[in-house]
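Trainee: Dropping the sequence and predicted coords here.
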Amino acid sequence: MTSALEQRCERLRQPVTELVAVSISATLRPQDLPELRAAIADVRAILGEDASDLPPGAFIDWLPTALRNLQRMDEAVAGGDAATSYAILTDKADGFIRLTDGCAGFPGWSAT
C-alpha cells in the first residue's frame, strides 16, 4: 500500500515537470504565457488539496510556501513577466527544489 505522501508526489511529478518546462519556454516565448498559467494552476490544484493525511516533514513544512510561490508566479505571469515567475520557481531557498526534498525516496524524485 502506498502512503498518502507517495501518492501526492506521484500525482505531482508530471505536472511539476510540465511547469518547469513551460516556465523555461515562456521566458523566451511570450506566446507560452497562457500555457504557463495553466501549468501553475494544475500544480496549485494538487498542492491545494487537503493535506491532513500527509505526515509531518519536508513536504508539509514547505507546502504553505509552495502555495504562496505559485500565487506570486501566477501574478508575475499575468503581468507578462515569465522571468520573475521562473526565478520564484527556481529559488534556491524556497523554490521547488524543496519539493524534491519533500518527495525524496519516491519513484521519480531524488534529493540532490
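Mentor: Done, it's in.
Trainee: tell me which element A51 falls in.
Mentor: In the assignment (DSSP states H and E), A51 maps to no helix and no strand.
Trainee: residues contacting it?
Mentor: I60, L63 (C-beta atoms under 8 Å, 6 or more residues apart in numbering). Every C-beta, even on glycine, is put in place using the N, C-alpha and C of the backbone.
Trainee: Distance-wise, check it relative to D81.
Mentor: Remark: distance between A51 and D81 (C-beta to C-beta, to the nearest Å) = 29 Å.
Trainee: which residues of the protein fall in helices?
Mentor: 4-28, 33-47, 58-78, 82-89, 97-102 (DSSP state H).
Trainee: what sits up against the fourth one?
Mentor: Contacts of helix 82-89 with the rest of the structure, by C-beta under 8 Å, 6+ apart, involve 19-20, 23-24, 26-27, 30, 32-33, 36, 40, 69, 72-74, 76-77, 95-96.
Trainee: The shortest one now?
Mentor: By C-beta under 8 Å, 6+ apart, the surrounding residues in contact with helix 97-102 are 5, 9, 12, 16, 57-62, 65-66, 90-91, 109-112.
Trainee: mind listing what's buried in it?
Mentor: The neighbour-count check on helix 97-102 (16 or more other C-beta atoms under 10 Å) flags R98, L99, T100, D101, G102 as buried.
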